[in-house]
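*Asks:* sequence first, predicted coordinates after that:
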Amino acid sequence: MKTFSKLLIVAVAFVSFSMTASAQKFGYINSQELISQLPEVKEANANIETLKTQLQKKGQDMITALQTKYGKLEADRDNYSPKQLEAEAIKLKGEEQKIGEFEQTSSQRIMSKSEELLKPIQERINVAIKQVAEENGYTYIFDASLGIVLYADPGTDVTALVKAKL
């Protein structure tokens, strides 16, 4: 009798699990494909690239100016006393440090600008994915562009639905 009740409990649990598993609906999206097609992303990337180019030009101008100063100091070396040469070398080393700091802050500015421009777009995509999932009864939506999905039925691709939401 105890064996029968244990078997019955296992059978009920198995049936319940099977019904729950079959009720779940899965889908996937290719976020890289979707993102590459959005005009807002292309515009944001163009703005980021413009900022990057401006900062690189300014950095290159700073380097060129420093190289010119080093060349001038080297050419006029005989016109300076050892103390003056040392003082000028210290000034130039300070300028080198400023260039290094500029490069670091430039990288930070580019990252900040990228986040500022792309974060709202990513949030819109996430909202659209959530809406598609809720409207179409999906329990899970995976991102195929991340290489997580090993196999997916093409009929479960919801990229077009999300794109339509955007």
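*Replies:* Nice, I can see it.
*Asks:* just name the shakiest helix or strand of the protein by mean pLDDT.
*Replies:* Of all helical and strand segments in the chain, the minimum by mean pLDDT, DSSP states H and E falls on helix 2-23, at a mean of 49.
*Asks:* model confidence over the helix or strand just after that one, on average?
*Replies:* Once the chain leaves helix 2-23, the next helix or strand it forms, by DSSP states H and E, is strand 26-29. In this model, strand 26-29 has an average pLDDT of 88.
*Asks:* what comes up buried for strand 26-29?
*Replies:* Across strand 26-29, burial judged by 16 or more other Cβ atoms under 10 Å covers G27, Y28, I29. All C-beta atoms are positioned from the backbone trio N, CA, C, and that covers glycine.
*Asks:* just those residues now: which is nearest Q37?
*Replies:* Nearest to Q37, judged by Cβ to Cβ, of those is I29 at 12.4 Å.
*Asks:* tell me the contacts of the closest one?
*Replies:* With contact taken as Cβ atoms under 8 Å, 6 or more residues apart in numbering, I29 is in contact with I129, I141, F142, D143, A144, D157, V158, T159, V162.
*Asks:* do that again at 7 Å, thanks
*Replies:* I129, I141, D143, A144, V158, T159, V162 (Cβ atoms under 7 Å, 6 or more residues apart in numbering).
*Asks:* and what of N30?
*Replies:* A144, S145, T159.
*Asks:* those in helices, which ones?
*Replies:* T159 (DSSP state H).
*Asks:* top of the contacts of N30 by number of neighbours, please.
*Replies:* T159 (21 neighbours; other Cβ atoms under 10 Å).
*Asks:* correct me if wrong: it contacts Q32.
*Replies:* No: T159 is not in contact with Q32 according to Cβ atoms under 7 Å; the separation is 10.1 Å.
*Asks:* ok, and what's touching stretch 109-118?
*Replies:* Outside stretch 109-118, the residues that reach it (Cβ under 7 Å, 6+ apart) are A44, N47, I48, L51, K52, L55.
*Asks:* understood, closing this out.
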